[in-house]
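**Student:** can't give you the sequence, but here's the structure:
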DNA sequence: GATATTCGATCGAACGTACGTTCGGATATA
DNA sequence: TATATCCGAACGTACGTTCGATCGAATATC
């Protein structure tokens, strides 16, 4: 029912054409192998501190051998982030397909994100932490995918807000960024192999967020100055 | 009423002793000047990518001149984080003093944090983004302060949870980390000089969090499996 | 079928550079 | 003279990347 690469960012990336006879299992497998090693090293050390020599050792290839598959260190980082964001986005669209209720959609979005995180911690850590490590066209291309992921989520939040009384003006951008804050901060503290299941955590986050969003009515904001938002 | 260094992390840090005659206004001012420049550069480029030469240029001193005030690049990062975390913690304790209601305390905590962020964006970005750039004793010392900040907040969350029906088992650690996620992610998107006031944003975050925490009652969790937390 | 040729995959070794840090001296203040 | 402040110049190193060669298997030639 679901396509196979739902939770693996390293499944058959660029199309391999014009190859008369299939090379058994070599080029793409080798490329993915190195990319996975690089993901672990960059997640562990950070992009700038991670060295190509460390990646080579982790992938068990020579230093020069890496450059047969990747033209530069920047290209490595780009591919890691590009594939992870694409998987994240495709997973989301797949899960949302056919569901209409925005509240259910939000629960699915959070569950999808947390599950993907649990299955690909190094990749998502690199995505969360190295957002500004690239520049130029590569950065712009990643920003475009990220924006699409944001738009998908923002759209859900917007439709949830519509279900509330229109008198209750919800700040959807702020709410969406709060949600992304909760999710993108996971890599700092959540260890899926330490007991709590991804689905359990996803439920907690969903309820925390949804109740906070929907329940804003009484506004028990009793404080000194409630002055604000002079924009 | 409030002490003077409430919102400035660079106010007279380590004690300067054994100075028979006061050097007018030189050593500490100069040190702070370089430290502020370093904060801006590291916030902009990231710790590993930021060079001592760039710090020197930003502070308008020579490269070697920096080493008259700081023994190493690591020491620079340590001091930036140490001072910011201490200011954050002292601000919090000051604001909470005399307040008993944990809900009010949480609102004050969020407001204090967001205000500090708005007034010291580079420093807090360095605190949020470079949490793992140090190691050894320096890292441990910072971890200790951070843990104290966490404990203060966690304590508030615990007492809010107690006010709910005890039947409503709130996961306080998860809730606290969600809150820190929202706050620590601010540096990725919030620009205080682009319209929205820190107090306004703090109110939105407080309500989002508090309502989400307190309002969890009906648990409209209607989904397939509500299995979880097998720990 | 045997030999020659091509080509992708791989590696050891090196290149050039940019970095953190240090050194010795210069300048100014007391 | 003694000391604090500051700097130009250099040192040693570690990094990303490149080069040239080797190996082996597929392909072409006879």
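**Tutor:** Thanks, I have the structure now. Since the structure is predicted, the reported quantities are computational estimates derived from the model, not experimental observations. Residues are numbered from 1 along each chain as shown, chains lettered A, B, ... in the order given.
**Student:** Write out the residues of chain A neighbouring DNA strand C.
**Tutor:** Within reach of DNA strand C by C-beta under 7 Å from any atom of the strand, chain A has these residues: A:23, A:26, A:27, A:30, A:61, A:62, A:63, A:64, A:65, A:68, A:69. Using the backbone N, CA and C atoms, a C-beta is placed for each residue, glycine as well.
**Student:** check contacts around residue A:158.
**Tutor:** The contact partners of residue A:158, by C-beta atoms under 8 Å, 6 or more residues apart in numbering or on different chains, come to residue A:172.
**Student:** Got the domain ranges for chain A?
**Tutor:** A:25-70, A:73-214 (automatic domain parsing).
**Student:** Mind putting those domains into JSON lines with mean pLDDT and distance to residue B:54?
**Tutor:** Putting those into JSON lines (pLDDT from 0 to 100; distance: least, C-beta to C-beta, whole Å) gives the following:
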{"stretch": "domain A:25-70", "mean pLDDT": "97", "distance to residue B:54": "14"}
{"stretch": "domain A:73-214", "mean pLDDT": "94", "distance to residue B:54": "16"}
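**Student:** thinking again about what came up before, separate out the buried members of the residues of chain A next to DNA strand C.
**Tutor:** A:61, A:69 (16 or more other C-beta atoms under 10 Å in any protein chain shown).
**Student:** picking up where we left off before, how about the domains of chain A in CSV, adding distance to residue B:156?
**Tutor:** Listed next are the domains of chain A as CSV, based on distance: least, C-beta to C-beta, whole Å:
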stretch, distance to residue B:156
domain A:25-70, 32
domain A:73-214, 16
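**Student:** Out of those domains, the one nearest residue B:116 is which?
**Tutor:** With C-beta to C-beta as the measure, domain A:73-214 is the member of the domains of chain A nearest residue B:116 (16.7 Å).
**Student:** circling back to that earlier point, of the residues of chain A next to DNA strand C, closest to chain B?
**Tutor:** Top of the list for closeness to chain B, among the residues of chain A next to DNA strand C and by C-beta to the nearest C-beta, is residue A:63 at 19.9 Å.
**Student:** State the distance from the nearest residue to the closest one once chain neighbours are set aside to residue A:62.
**Tutor:** Nearest non-adjacent residue to residue A:63, counting by C-beta to C-beta, 6 or more residues apart in numbering or on different chains: residue A:56, 4.7 Å away. Going from residue A:56 to residue A:62 by C-beta to C-beta, to the nearest Å gives 6 Å.
**Student:** quick one: buried residues of the longest helix seen in chain A?
**Tutor:** Longest helix in chain A by number of residues (criterion: DSSP state H): helix A:136-163. In terms of neighbour count (16+ other C-beta under 10 Å), helix A:136-163 has its buried residues at A:138-139, A:142, A:145-146, A:149-150, A:152-154, A:156-157, A:159-161.
**Student:** out of those, which one sits closest to DNA strand D?
**Tutor:** Lowest distance from DNA strand D to those (C-beta to the nearest atom of the strand) belongs to residue A:138, with 12.2 Å.
**Student:** so the closest one makes contact with residue A:74?
**Tutor:** Yes. Residue A:138 is within contact range of residue A:74, at 6.6 Å (criterion: C-beta atoms under 8 Å).
**Student:** re earlier: quick check: next helix or strand after the longest helix of chain A?
**Tutor:** helix A:172-184 (DSSP states H and E).
**Student:** Contacts for that following helix, please.
**Tutor:** Under the contact criterion C-beta under 8 Å, 6+ apart, helix A:172-184 has outside partners A:110, A:113-114, A:117, A:128, A:150, A:153-154, A:157-158, A:161, A:205, A:208-209, A:213, B:178, B:181-186, B:188-190, B:196, B:201, B:204-205, B:208.
**Student:** just stretch A:109-116 next, same as before
**Tutor:** By C-beta under 8 Å, 6+ apart, the surrounding residues in contact with stretch A:109-116 are A:7, A:87-88, A:91-92, A:95-96, A:124, A:152-153, A:156, A:179, A:183, A:186, A:198-199, A:201-203, A:205-206, A:209.
**Student:** list the buried ones in it?
**Tutor:** The neighbour-count check on stretch A:109-116 (16+ other C-beta under 10 Å) flags A:109, A:110, A:111, A:112, A:113, A:114, A:115, A:116 as buried.
**Student:** any idea how far that stretch is from the chain center?
**Tutor:** Relative to its chain's centre, stretch A:109-116 lies at 9 Å (C-alpha atoms, centre = their mean, to the nearest Å).
**Student:** so, in contact with chain B or not, the helix or strand hosting residue A:91?
**Tutor:** Per DSSP H and E, residue A:91 falls inside helix A:73-96. No. Judged by C-beta under 8 Å from any C-beta of the partner chain, helix A:73-96 makes no contact with chain B; its nearest approach is 12.0 Å.
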